[in-house]
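J.: sequence-free structure coming up:
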């Protein structure tokens, strides 16, 4: 590659980054629509093998997704909303319990001085806020009225998501073929190989990990509700969502569930044993069944890399950066793997001792 071509690629990358940064406020619906098209394309291809036309296959997939979203809106969202309100109402009581029961026990065990914990101010603040919850609807209406244009923009973006997703899903194979035809002929095989590896990593992570998250959310929420935990649904769903990073869902979930069980049941052993059993079973199913079957060992994304990618994307580009974080991280990991292979084959990696051993005797 000539020097002028390298400079041209560099200028193109800088312009692309500037363009993404400039158009960031309107990119979210297009990125979500692209994600829906990417996730739904294998199912559409499967329906095409059953003699569906491409358009009718896309309509079928979108109808299925719409029914799932409608079920979540009608069933899951109101239940989670009630548990969030209940948690908000229980916060002052929870703080009282921590200050009068839990923290004194910890102080006695670890020899902490009196007054080490100070929760009175936080408790008073929450108690004052609880008195204004009856006027919550009025506050929301005033905010909506004050930012009517922002609400219209948000609703417009929400409406764009299924439209963009539908057309991208319908024309996905055609767009991929056209992009492949634009590749330089000499580099086509190498680029296709790299894209195939990126697709394997992304597909395994996005499709597989999302299904693992959903399965763990159902296991945790169902198990905690059977134990009788009042906030079991909320804690189970949060633990399932946190499972996007391995072991984080288990740590967040079991910690929150044990605290909620201690607050609700005290030191009764059976609820605590039930909570531990729920998360133990969930971890065993994840490690021995869900992850090997749905994700496999093809991801190649370290948990620390996942955390850093999400935080860095959110810090740099907000919500759009969060959407782009994991795909970009997966592509970077694939490229770094190939750079590592090239480095191992280069002369820079050659060991000096080996090169000196190959020299004929008598040479300096």
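T.: All right, it came through fine. Because the structure is predicted, anything quoted here is derived from the model rather than measured.
J.: chain center to whichever strand or helix holds residue 68, what's the gap?
T.: Residue 68 is part of helix 54-71 when elements are defined by DSSP states H and E. Averaging C-alpha positions (C-alpha atoms, centre = their mean, to the nearest Å) puts helix 54-71 23 Å from its chain's average.
J.: list the buried residues of it.
T.: Of all the residues in helix 54-71, those buried under the rule 16 or more other C-beta atoms under 10 Å are 54, 57, 58, 59, 61, 62, 65. Placement of C-beta: from N, CA and C, glycine included.
J.: remind me what it packs against, helices and strands.
T.: Taking 3 or more C-beta pairs under 8 Å, 6 or more residues apart in numbering; DSSP states H and E as contact, the helices and strands that helix 54-71 lies on are helix 24-49, helix 148-170.
J.: could you dump the ones you listed into CSV and include distance to residue 199, mean pLDDT and mean neighbour count?
T.: Putting the helices and strands packed on helix 54-71 into CSV (distance: least, C-beta to C-beta, whole Å; pLDDT from 0 to 100; neighbours: other C-beta atoms under 10 Å) gives the following:
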stretch, distance to residue 199, mean pLDDT, mean neighbour count
helix 24-49, 9, 84, 17
helix 148-170, 16, 79, 15
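J.: dump these into CSV; add distance to residue 203 as well.
T.: Listed next are the helices and strands packed on helix 54-71 as CSV, based on distance: least, C-beta to C-beta, whole Å:
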stretch, distance to residue 203
helix 24-49, 8
helix 148-170, 15
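J.: relative to residue 272, which of these is closest?
T.: Distances from residue 272 to each of those were compared by C-beta to C-beta, and the smallest falls on helix 24-49, at 38.6 Å.
J.: which strands and helices sit next to the biggest helix by length in the chain?
T.: The single longest helix within the chain, with elements called by DSSP state H, is helix 303-345. Counting contacts by 3+ C-beta pairs under 8 Å, 6+ apart, helix 303-345 is packed against helix 3-22, helix 24-49, helix 188-203.
J.: report the angle between the longest one and helix 303-345.
T.: On the basis of axes from the mean of the first three to the mean of the last three C-alpha atoms, to 10 degrees, helix 24-49 is oriented at 80 degrees to helix 303-345.
J.: between helix 3-22 and helix 24-49, find me the angle.
T.: Helix 24-49 and helix 3-22 meet at an angle of 100 degrees, taking the same axes, to 10 degrees as the criterion.
J.: circling back: which one of the buried residues of helix 54-71 is nearest to residue 210?
T.: The closest of these, once distances to residue 210 are taken by C-beta to C-beta, is residue 65, at 12.7 Å.
J.: for that closest one, what are its contacts?
T.: Residue 65 sits next to 36, 40 when contact means C-beta atoms under 8 Å, 6 or more residues apart in numbering.
J.: now distance to residue 306 too, for the helices and strands packed on helix 303-345, in a markdown table please.
T.: Conversion of those to a markdown table gives the following (distance: least, C-beta to C-beta, whole Å):
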| stretch | distance to residue 306 |
| --- | --- |
| helix 3-22 | 21 |
| helix 24-49 | 17 |
| helix 188-203 | 12 |
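J.: of those helices, which is nearest residue 86?
T.: With C-beta to C-beta, the closest approach to residue 86 among the helices and strands packed on helix 303-345 belongs to helix 24-49: 30.6 Å.
J.: what packs against that closest one?
T.: By contact count (3+ C-beta pairs under 8 Å, 6+ apart), the secondary structure elements abutting helix 24-49 are helix 54-71, helix 148-170, helix 172-181, helix 303-345.
J.: now do 7 Å
T.: Applying 3 or more C-beta pairs under 7 Å, 6 or more residues apart in numbering; DSSP states H and E, we find helix 24-49 packed against helix 54-71, helix 148-170, helix 303-345.
J.: closest one to residue 160 among the helices and strands packed on helix 303-345?
T.: helix 24-49 (4.0 Å).
J.: the most centrally placed residue in the chain: what secondary structure?
T.: Closest residue to the average C-alpha location of the chain: residue 244 at 5.2 Å, with C-alpha atoms, centre = their mean. Applying DSSP: H, G, I helix; E, B strand; the rest coil to residue 244 yields a three-state assignment of coil.
J.: is it true that it touches residue 213?
T.: Yes - in this structure, residue 244 is within contact of residue 213 by C-beta atoms under 7 Å, at 6.1 Å.
J.: neighbours around residue 194, how many?
T.: Residues contacting residue 194 under the criterion other C-beta atoms under 10 Å number 16.
J.: and the nearest residue to it once chain neighbours are set aside, how close does it get to residue 316?
T.: Once its chain neighbours are removed from consideration, residue 194 has its nearest residue in residue 334; the separation is 6.4 Å (C-beta to C-beta, 6 or more residues apart in numbering). Relative to residue 316, residue 334 is positioned 21 Å away (criterion: C-beta to C-beta, to the nearest Å).
J.: which of these two has more neighbours?
T.: Under the neighbour definition other C-beta under 10 Å, residue 334 and residue 316 were set side by side, and residue 334 has more, 21 against 14.
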